[in-house]
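Peer 1: structure for this input, please:
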Amino acid sequence: MSDDFSALDAYFHSGVDAPDEAFDLIFCLDASDRVVLGTVWSERPVGWRRECAYVLGHGPARKCLPLLERMMFDEDADVALEAAASLAAQRLDTAESAMADDVQRRFMALATRPEAKGIPEVQQFLSLIGGM
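Peer 2: Numbers count the residues shown, from 1 in each chain. Below you'll find the predicted structure:
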């Protein structure tokens, strides 16, 4: 685990609402940091996970999309929806819509929830993949 992951972890625990620092740190994470992130994910509090899902939506897509796909299956509905919103934004930016069937089904289930109706990226990506 690198100092960058430690700093990112501390940021998410701090509750500070200044995501520019976290956006920078997401780009600095190496492969081992992403493994650690996936490993500690379920141990972290809901607020940490929700903020992480948001920040990953602003990171390098190739590295963040696999994490976001996993995060959409979070037991907390708000965390899962935040991951879906970040995934949709990244997929729209990269014009990449191909997903595994289970991931697409999960995205579509989250995108049709009432609270997802007000998230433009989610609705736009849902339309793109034929969910509307």
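Peer 1: helix or strand: which one has the closest residue to F125 other than its chain neighbours?
Peer 2: The shortest distance from F125 to any residue that is not its chain neighbour, by Cβ to Cβ, 6 or more residues apart in numbering, is 3.7 Å, and that residue is A88. Just so you know, the C-beta spots here come from the backbone N, C-alpha and C atoms, and that holds for glycine as well. Using DSSP states H and E, A88 sits in helix 77-94.
Peer 1: list the buried residues of that helix.
Peer 2: Neighbour-count burial for helix 77-94 flags 79-92 (criterion: 16 or more other Cβ atoms under 10 Å).
Peer 1: now do it, average pLDDT.
Peer 2: Helix 77-94 shows a mean pLDDT of 94.
Peer 1: got the angle between the helix or strand that that helix is followed by and helix 77-94?
Peer 2: Using DSSP H and E, the helix or strand that follows helix 77-94 towards the C-terminus is helix 101-111. With axes from the mean of the first three to the mean of the last three Cα atoms, to 10 degrees applied, the angle from helix 101-111 to helix 77-94 works out at 110 degrees.
Peer 1: and the helix or strand just after helix 101-111, average pLDDT?
Peer 2: Next helix or strand after helix 101-111 toward the C-terminus (DSSP H and E): helix 120-128. On average, the pLDDT along helix 120-128 is 92.
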